[in-house]
Structure formats: structure tokens, C-alpha cells
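>>> below: sequence and its predicted model.
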Amino acid sequence: MAHFSDLHLAGRHDSRGFERLNKLLTAIINAGCNHIVITGDLFNSTNPSDWAAIKEVLQSKRLYSWDKVTVIPGNHDLINLEEEMRIYNSLNPDSNGRKKRFRRKMDEFCDMFSELITGEDETAGFPFIKVLNYGEISISFVVVNTAYPWANIDNPLGARGYVKRGEIEALFAPTVKKALRDSFVIGVFHHAFRIYETDALIDQAFDWTMELKNREELLDAMLHLNASIVLHGHFHRFQTYMIGGMRVINGGSFNYNPRRYSEIAFGRDGGYIQRFVDI
């Protein structure tokens with residue numbers, strides 16, 4: 001499988017960006033990858049007409065199907081920072097408006113990519129799971145939304161992450177673990193478990209603006225579901241690290257390096273090999 005993240009395309013008319021995306025997808029197809037995961041921040045825009053351009057590219061490559069691609073939103077896809085920071089919004093003590101705007105964008109995203117979320121004519125939403133069988137190998141994705149609404153004090157740049165309590169609780173439902181039985185489990189979300197984590201004050205300030213607020217709760221859920229790997233983006237570094245015995249893979253940023261992706265090859269013995277590929 002292949003994983004990349006944080007495209008940050010300028011819009012549907014970003015011809016250079018789409019040219020690079022086509023080259024990357026072609027290389028991934030030629031490498032024989034069975035599935036592609038894109039972990040958010042498709043555009044620097046919350047415009048559904050831009051999202052549709054990604055859908056069109058996937059369709060043109062015959063990739064637009066539930067078993068071939070998983071796409072999730074990042075904070076840039078759901079939060080119009082310019083709109084939220086306008087005086088009449090930013091100084092409004094009632095948070096209901098911004099929550100409604102966020103839910104509307106989430107609903108629009110799920111409607112746009114519903115075939116990649118449910119694979120059927122059902123209401124799409126988060127969290128969701130995919131169980132994909134390749135002969136003797138079963139791979140499962142546990143997909144969670146970590147973006148949450150802008151707030152002038154708690155989320156001033158719109159880049160902090162949080163998983164709603166109800167969505168965390170849904171991951172602990174017995175039916176979820178049962179569905180994942182005898183499968184290699186991979187967690188998928190946008191925000192990073194780890195940013196800089198240094199003693200430097202400037203790094204700590206940056207960490208705060210980017211952090212996944214309840215990462216320990218999400219980590220507990222992933223461990224409960226016996227996840228072996230977690231895929232994320234958000235922090236624009238191609239890297240791997242270990243947390244709680246899980247391998248965490250940061251898909252970096254397509255915008256930073258459009259010629260690199262993470263590749264994972266799975267064996268029948270339950271093992272895997274991960275590497276970053278430069279095309």
C-alpha cells in the first residue's frame with residue numbers, strides 16, 4: 001500500500017500541483033500498490049468544487065473505489081480560517097455558529113467522498129473501518145477524524161486536533177474489535193501523535209498550536225483495537241517513530257516533496273516492510 005499526505009493544492013486550477021499528483025499516482029500504480037491512503041489537507045481551501053477535482057483525478061486513474069483509496073480531511077479542508085477570524089465571528093461568544101459551519105463542511109466532505117467511506121449508498125461519517133482481504137492477507141483500516149472547529153482561544157490557528165468523546169467511545173464497541181479479528185490493523189487520521197517535543201520554548205509553542213489534544217485517549221483506542229501501525233500527516237515531515245509498541249508513520253507533505261510517498265509491503269506471516277520511496 002501507499003500513503004502520502006498534506007497536498008495543500010492551491011485549488012482545482014493548480015495545474016502544476018495536479019501534474020505532480022498525476023505523476024505520483026502513476027508511479028504508485030506502476031509499483032503495484034493495492035491501496036492508497038491520503039491523510040488530509042488536500043487543499044488550502046474548504047471549497048467542495050476543489051475537492052471534486054481530486055475525485056476526478058482518482059476516477060481518471062480508475063482508482064476511485066472503496067477498496068483502492070482511503071481519503072480523509074485535514075483541518076485545512078474543513079476550516080476557513082479567514083472566515084473564522086473575521087471580527088463578527090472571532091468575537092462572537094456563542095460557539096454554535098462555528099460548530100455548525102464545521103459540521104456542514106464535514107458533511108460536504110463525506111458526501112463528496114462517500115463511495116470511499118462506505119462503498120455503498122449509506123450515510124458516510126467518522127469513525128469508520130475498512131476490512132480488505134488479499135488472499136491470505138487481511139488488512140483493516142480504523143479511520144478517525146481529528147480535526148475540530150476553530151476557537152479564538154483554544155484553537156486560534158485551527159490546527160489543533162481533537163477526537164470527540166462519542167467517536168472515541170464508538171471505537172470501544174465490541175462489534176468493532178470483532179470485525180477486526182484476524183486482520184492487520186492500521187489506524188488512520190490526520191493529526192500527529194508527536195511534533196517537536198523539545199525543551200525549546202518556540203518548539204513548545206508550535207507544538208501547542210498543532211497538537212492532538214486528547215492523543216492519549218486515541219492512543220488507548222488504537223491499542224485496544226490491536227493496531228500495529230498508525231498513519232498520519234499534519235506535521236510536514238516524512239518520518240517514523242514508535243509509540244506504545246505501534247509503528248507511527250508520518251506521510252510528510254506532498255506540497256513539500258511531491259516525489260515521495262510511504263510504501264508498506266505485507267507478508268503472509270503478519271510482518272511488513274515500510275520504506276519511503278522517491279520516484
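All right, it came through fine.

>>> please report how far F266 lies from G135.
Per Cβ to Cβ, to the nearest Å, F266 is found 11 Å from G135. Where you see a C-beta, it was placed from the backbone N, CA and C, and this is true even at glycine.

>>> and those two? which has more neighbours close in?
The neighbour comparison of F266 against G135 (other Cβ atoms under 10 Å) goes to F266, with 17 against 6.

>>> for that one, list each beta-bridge partner.
With DSSP bridges applied, F266 shows beta-bridge pairing to Y272.

>>> so who does it touch?
M1, Y134, I137, I139, F184, Y272 (Cβ atoms under 8 Å, 6 or more residues apart in numbering).

>>> and the furthest pair within those residues?
Y134 and Y272 (12.9 Å; Cβ to Cβ).

>>> any chance you could map the helices in the stretch 51-200 of the chain?
Ranges of helices in the stretch 51-200 of the chain, per DSSP state H, counting those that start in this stretch, are 75-78, 81-84, 87-90, 96-112, 114-117, 165-171, 174-179.

>>> name the stretch among those helices that sits most buried.
Stretch with highest mean neighbour count among the helices of the stretch 51-200 of the chain: helix 75-78 (a mean of 25; mean count of other Cβ atoms under 10 Å).

>>> pull the distance from that one to the chain's centre.
Computed by Cα atoms, centre = their mean, to the nearest Å, the chain-centroid distance of helix 75-78 equals 11 Å.

>>> do the same with stretch 178-188
Going by Cα atoms, centre = their mean, where stretch 178-188 is centred and where its chain is centred differ by 17 Å.

>>> what sits up against it?
Against stretch 178-188 from outside (Cβ under 8 Å, 6+ apart): 37, 39, 70, 72, 129, 131, 137-144, 222, 225-232, 246, 266, 270, 272.

>>> from what I see, N44 and D14 are in contact.
No: N44 is beyond contact range of D14, at 9.4 Å (criterion: Cβ atoms under 8 Å).

>>> which of those two has more neighbours?
A count of neighbours by other Cβ under 10 Å puts D14 above the other of N44 and D14, at 19 against 16.

>>> next, give phi and psi for the more buried one.
Dihedral pair for D14: phi -80, psi 80, per degrees, to the nearest 10.

>>> what pLDDT is listed against it?
D14 carries a pLDDT value of 96.

>>> what does G17 give?
Looking at G17, its pLDDT is 98.

>>> the strands in the stretch 151-279 of the chain, which residues?
For the stretch 151-279 of the chain, strands defined by DSSP state E, counting those that start in this stretch occupy the ranges 184-188, 227-232, 238-243, 246-251, 260-266, 272-278.

>>> how many residues are close by the residue lying closest to I129 once chain neighbours are set aside?
Ranked by Cβ to Cβ, 6 or more residues apart in numbering and with sequence neighbours excluded, the top spatial neighbour of I129 is V142, at 5.4 Å. Look at V142: counted by other Cβ under 10 Å, it has 22 neighbours.

>>> and for G158?
Residues within reach of G158, counting by other Cβ under 10 Å, total 21.

>>> one more: the one 4 residues further on?
The burial metric for Y162, expressed as a neighbour count using other Cβ under 10 Å, is 21.

>>> what sits against it?
Y162 neighbours (Cβ under 8 Å, 6+ apart): T146, Y148, L212, K213, N214.

>>> thanks a lot, see you next time.
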